[in-house]
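Enquirer: missing the sequence, but the structure's below:
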Ligand SMILES: [Cu+2]
């Protein structure tokens, strides 16, 4: 009798400890780290997660039967899954990659069914593999969690136009000849992006003037301007971002990866 009472108490203590262990840290660790609640459809509202289990970076892209994920990195072999967005969070899985190796893979193409739809958002998420190379979830191959308990994933949106096709009209900004009939000339400039700087770290543009920045890059970075809805991943040795500032002001651009901004990877855009 006495033993069974002690046993019962032990079970309660163990259960309470397990509950506290698995719910830590407080808050909502499994929710996406939303930076912006904007649903304009133009901008990924999550930043790439840098952590020990892996990393994923995916751009907004046209609709189709596949999703192309720009960069994925695993500490151990694993899977990349594509989720529909439901109530702002990852919902049903519409596609799973083949088993991806340890290390980085670029431009991973994941078939999805149903096809992606213009205007909808999706998540690219990393899942582990239990060692058999076959995706099993629900089951052993659960989502990877970063050190802070967050899912390792990135949100992206399906846009109608092809991404990354900058129209360079071949003139420089600043003179009257730049303004073509019916359209502002694109301001095109080169910028070095590296660990952890942009060079130049400031430039000017005119309001409603398309801007294309061509990067000479080293490392894994973003070019992000929160107030203008710009959030472009930069990987490899070159990269490019095109956007149109729609309001005047002084805007900070920065790298949203890890602590790169704190280490100096930021600059200023003045829109006049
Ligand atoms: Cu960076």
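Expert: Cool, got the structure. Just so you know, these numbers come straight off a predicted model, no measurement behind them. Numbers count the residues shown, from 1 in each chain.
Enquirer: Name the residues of the stretch 101-250 of the chain found near the ion, please.
Expert: Taking Cβ under 5 Å from the ion as the criterion, the stretch 101-250 of the chain approaches the ion at residues residue 221. (C-beta placed from N, C-alpha, C; glycine too.)
Enquirer: Any idea what whichever residue of the stretch 101-250 of the chain sits closest to the ion is bridged to?
Expert: Residue nearest to the ion within the stretch 101-250 of the chain (Cβ to the ion): residue 221, separated by 3.2 Å. The partner list for residue 221 in beta bridges (DSSP bridges) reads residue 234.
Enquirer: wait, it sits on residue 234?
Expert: Yes. Residue 221 lies in contact with residue 234 (Cβ atoms under 8 Å); the separation is 4.6 Å.
Enquirer: Buried residues of stretch 212-230, list them for me.
Expert: Residues of stretch 212-230 classed as buried by neighbour count (16 or more other Cβ atoms under 10 Å): 212-215, 217, 220-226, 228-230.
Enquirer: Strands - which of these land there?
Expert: 212, 213, 214, 215, 217, 221, 222, 223, 224, 225, 230 (DSSP state E).
Enquirer: Would you convert these into TSV that also reports pLDDT?
Expert: Below are these laid out as TSV (pLDDT from 0 to 100):
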residue	pLDDT
212	94
213	95
214	96
215	96
217	96
221	97
222	97
223	98
224	98
225	98
230	97
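Enquirer: Return the member of these nearest to residue 137.
Expert: Checking these against residue 137 with Cβ to Cβ, the nearest one is residue 222 at 29.0 Å.
Enquirer: Kindly point out the strands partnered with the helix or strand hosting residue 155 and how each is oriented relative to it.
Expert: If you go by DSSP states H and E, residue 155 is part of strand 153-157. Applying DSSP bridges, strand 153-157 is found paired with strand 121-128 (antiparallel).
Enquirer: where does the stretch 101-250 of the chain have low pLDDT?
Expert: The model of the stretch 101-250 of the chain has pLDDT under 70 over residues 147-148, 160-184.
Enquirer: where along it do the strands fall?
Expert: Using DSSP state E, counting those that start in this stretch, the strands found in the stretch 101-250 of the chain span residues 103-111, 121-128, 153-157, 187-194, 197-199, 202-205, 211-217, 221-225, 230-234, 238-243, 249-254.
Enquirer: Turn these into a markdown table, including distance to residue 262.
Expert: Output for those, formatted as a markdown table (distance: least, Cβ to Cβ, whole Å):
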| stretch | distance to residue 262 |
| --- | --- |
| strand 103-111 | 24 |
| strand 121-128 | 25 |
| strand 153-157 | 21 |
| strand 187-194 | 16 |
| strand 197-199 | 13 |
| strand 202-205 | 19 |
| strand 211-217 | 20 |
| strand 221-225 | 14 |
| strand 230-234 | 18 |
| strand 238-243 | 22 |
| strand 249-254 | 10 |
